[in-house]
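> can you look at this prediction? I've put the sequence above it.
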Amino acid sequence: MLKSVTYKYAETADFWKLFHNYAEFRKEQFVDGLGWQLWHNDSIEIDQYDNPNTHYSFVVDDNKLIAAARLIPSDQAWYGWHNLLVDAEAGRVPTVEPGIFPKGYDFSNTWECSRLVTDPILPGADRLTSFKLLVGGLVGIGKQNGARALLSLSPPPLRRSLRLAGYRAQRIGSPYQCGEDNKDYCALEMTIDRVSGSSCGFPADKGGFPYKKRKTSSSVVQAN
């Protein structure tokens, strides 16, 4: 049974096993697969944005990680680092030039989604379900923390996937071509309320969130 689990960085002992698996996926897909020049060792990739401000959405099947992404606030800093999008616009990221977002874009109450990975051997039906659960976890984190929108620098087709999943996602700013993989990316802004009547696997948003609240920020939801 596929289920979504969300954590804040280093929140519980259970977090670390999933995080290590996530870092392995990241190394395989971004360093080995796309050739991105990121810090890594022989097995994992991590960076300065994996810190106590960061939250994670994991999708697991019998405790095996099959999809994951992280969510990072724009309004908080860890030793001077906010998230990649805010820092890039401030000229602090050598590989991403400023100017992707419209001049004067308001980053307040926004969160950046990054390092989205999925198991490449997943069958099509499970891939779709895992994507819905993954995004649902990210939206839940955003809602619990008062986010007005989620942002990402992503391949353009992700916008269509988000819209099919029932979310309002729009392309903003200028296109970006990554010099490390020569692929095109764009800035996406997604509201965290689902489109009324959406049939993406969860009930349409009515101001609530279909995840049980816990005393910690971890939460779990299973696929229908």
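Okay, I see it.
> surely R194 is in contact with A169?
No. With contacts counted by C-beta atoms under 8 Å, R194 stays clear of A169, the gap being 11.4 Å. From N, CA and C alone the C-beta is placed, and that goes for glycine too.
> what about the longest helix in this structure?
If you go by DSSP state H, the chain has its longest helix at helix 124-144.
> any buried residues in it, and which?
Residues 126, 128-143 are the ones in helix 124-144 that count as buried (16 or more other C-beta atoms under 10 Å).
> packing partners of it?
Contacts defined by 3 or more C-beta pairs under 8 Å, 6 or more residues apart in numbering; DSSP states H and E place helix 124-144 against strand 2-8, strand 55-61, strand 64-73, strand 110-118, strand 149-154, strand 184-194, strand 219-222.
> and the pLDDT for L164?
If you check L164, the pLDDT there is 86.
> same question, P94
90.
> run a quick neighbour tally on it.
As a burial measure, P94 scores 8 neighbours (other C-beta atoms under 10 Å).
> just to revisit the earlier point, off-centre distance for the longest helix of the chain?
The chain centroid and the centroid of helix 124-144 are separated by 9 Å under C-alpha atoms, centre = their mean, to the nearest Å.
> where does pLDDT dip in the protein?
Within the chain, the ranges that satisfy pLDDT under 70 run 195-224.
> taking the centroid of it, which residue is nearest it?
C113 (3.2 Å; C-alpha atoms, centre = their mean).
> what residues are up against it?
C113 makes contact with A69, R70, L71, L138, L150, L151, S152, according to C-beta atoms under 8 Å, 6 or more residues apart in numbering.
> out of the residues you listed, which is nearest to D62?
Closest approach between those and D62, by C-beta to C-beta: A69, at 20.3 Å.
> about what we covered before: what angle separates the longest helix of the chain from strand 55-61?
Interaxial angle, helix 124-144 versus strand 55-61 (axes from the mean of the first three to the mean of the last three C-alpha atoms, to 10 degrees): 150 degrees.
> between strand 64-73 and helix 124-144, find me the angle.
30 degrees.
> tabulate the helices and strands packed on helix 124-144 (TSV), appending distance to Y176.
Output for the helices and strands packed on helix 124-144, formatted as TSV (distance: least, C-beta to C-beta, whole Å):
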stretch	distance to Y176
strand 2-8	28
strand 55-61	24
strand 64-73	18
strand 110-118	14
strand 149-154	7
strand 184-194	5
strand 219-222	33
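> nearest to E89, of those strands?
When the helices and strands packed on helix 124-144 are compared by C-beta to C-beta, strand 184-194 sits nearest E89, at 10.0 Å.
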